[in-house]
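**Student:** Sequence isn't available, so here's the structure alone:
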């Protein structure tokens with residue numbers, strides 16, 4: 001009787017695993033260090049698009065994450081602080097155009113006097129740009145890649 005119960009559980013679980021496998025995206029295929037370089041490059045391009053002199057406070061320490069099917073991975077955070085833009089709306093529009101040209105879907109919101117743009121890469125990396133009359137910030141995280149890859 002116990003072996004029949006295990007067989008039933010396996011029979012029910014296998015189709016779910018197979019269906020879940022179809023939805024799993026393989027990511028970019030980059031190593032963790034290559035994903036970090038690609039992410040920081042995207043932050044650099046964003047800075048160039050909006051202009052100004054930026055302070056780079058990227059944390060070189062990887063953060064843990066989990067890739068579908070419970071694979072341990074790492075992702076890298078980024079933090080850039082920029083000057084006050086001449087026109088926050090124009091700065092946000094420049095970043096929006098830059099990210100859209102790269103194929104990213106951009107969500108725009110207002111948080112008080114701050115304009116916020118957020119986008120995710122196809123591999124689930126996160127980008128957040130904020131502009132106000134006081135400063136600009138650019139933050140995010142690279143895609144999650146397998147640990148040690």
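**Tutor:** Alright, I've got the coordinates. Please read all numbers here as calculations on a predicted model, not as lab measurements.

**Student:** Tell me if I'm right that residue 58 and residue 44 touch.
**Tutor:** No. Using Cβ atoms under 8 Å, residue 58 is not in contact with residue 44; the gap is 10.4 Å. The C-beta positions use only the backbone N, C-alpha and C, and glycine is treated the same way.

**Student:** is it true that residue 64 touches residue 76?
**Tutor:** No. The pair residue 64 / residue 76 is not scored as a contact, 11.4 Å apart, by Cβ under 8 Å.

**Student:** what about the two, which has more around it?
**Tutor:** residue 76 (24 against 10; other Cβ atoms under 10 Å).

**Student:** Please verify my assumption that the more buried one contacts residue 39.
**Tutor:** Yes. Counting by Cβ under 8 Å, residue 76 does reach residue 39; the two are 6.2 Å apart.

**Student:** Give me the common contacts of the two.
**Tutor:** The contact sets of residue 76 and residue 39 overlap at 141, 142 (Cβ atoms under 8 Å, 6 or more residues apart in numbering).

**Student:** what's near enough to touch the closest residue to residue 98 other than its chain neighbours?
**Tutor:** Among residues not flanking residue 98 along the chain, residue 49 sits closest, at 3.9 Å (Cβ to Cβ, 6 or more residues apart in numbering). By Cβ under 8 Å, 6+ apart, residue 49 lies in contact with 94, 95, 97, 98.
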